[in-house]
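*Asks:* Generate a structure from the sequence data that follows.
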Amino acid sequence: MSEKNLLDKVRSGPVTQSLDAVKILLSFVGIASDPMPSDVTLDNGRMVLVLSNKKDCYYVVTQKACSCPAASYHHGPCKHQRKYFPQAETTKPVSANDSIKPVATWPGGHNGPVEDDLKAVV
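*Replies:* Below you'll find the model as predicted:
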């Protein structure tokens, strides 16, 4: 049986780990493996092992990558990355110049025929 180190392929991304490999790691670290934990935090929180829904393997999750199929399929943060490594939301700061009022685009500064019709009624 050839066991793989969790960090063997750091440059190519995280690799999904078998239950046996995680059991060996848990015994080395001193964490109980019966029952198998749903997640294991390693390296001071920089890596998390997450048990798959089928409970047949562990996905390796870091802030930049995840070994789950969804992460490679969607080419973006998967649900595991969003859960264990939440990103700060980037919002555009609101300035005094920002307005919901439409910008006049018609000649004379009018916003179209509706505004002209209102002036005619008044």
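*Asks:* Break down this protein into its helices, ranges please.
*Replies:* Listed in chain order, the helices of the chain (DSSP state H) span 19-29, 69-74, 79-84, 113-121.
*Asks:* Any stretches of this protein with poor pLDDT?
*Replies:* 1-11, 88-99, 101-122 (pLDDT under 70).
*Asks:* re the thing from before, hey, which of the helices of the chain is tucked in deepest?
*Replies:* Highest mean neighbour count among those (mean count of other CB atoms under 10 Å): helix 79-84, with a mean of 16. Where C-beta positions appear, they are placed from N, C-alpha and C, glycine not excepted.
*Asks:* how about Val22, what does it touch?
*Replies:* Residues near Val22 by CB atoms under 8 Å, 6 or more residues apart in numbering: 33, 36, 40, 49, 58.
*Asks:* switch to 7 Å and redo it
*Replies:* Counting by CB atoms under 7 Å, 6 or more residues apart in numbering, Val22 touches 49, 58.
*Asks:* Which one of the helices of the chain lies nearest to Gly45?
*Replies:* Nearest of these to Gly45, taken as CB to CB: helix 79-84 at 8.5 Å.
*Asks:* Excluding its own residues, what touches stretch 59-66? List them.
*Replies:* By CB under 7 Å, 6+ apart, stretch 59-66 touches 6, 13-17, 46-50, 52, 67-68, 71, 78, 80-81, 84-85.
*Asks:* before we move on, what about stretch 39-46?
*Replies:* Here stretch 39-46 has contacts from 26, 31, 48-51, 62, using CB under 7 Å, 6+ apart.
*Asks:* Which positions within that stretch qualify as buried?
*Replies:* For stretch 39-46, burial by neighbour count (16 or more other CB atoms under 10 Å) applies to Val40.
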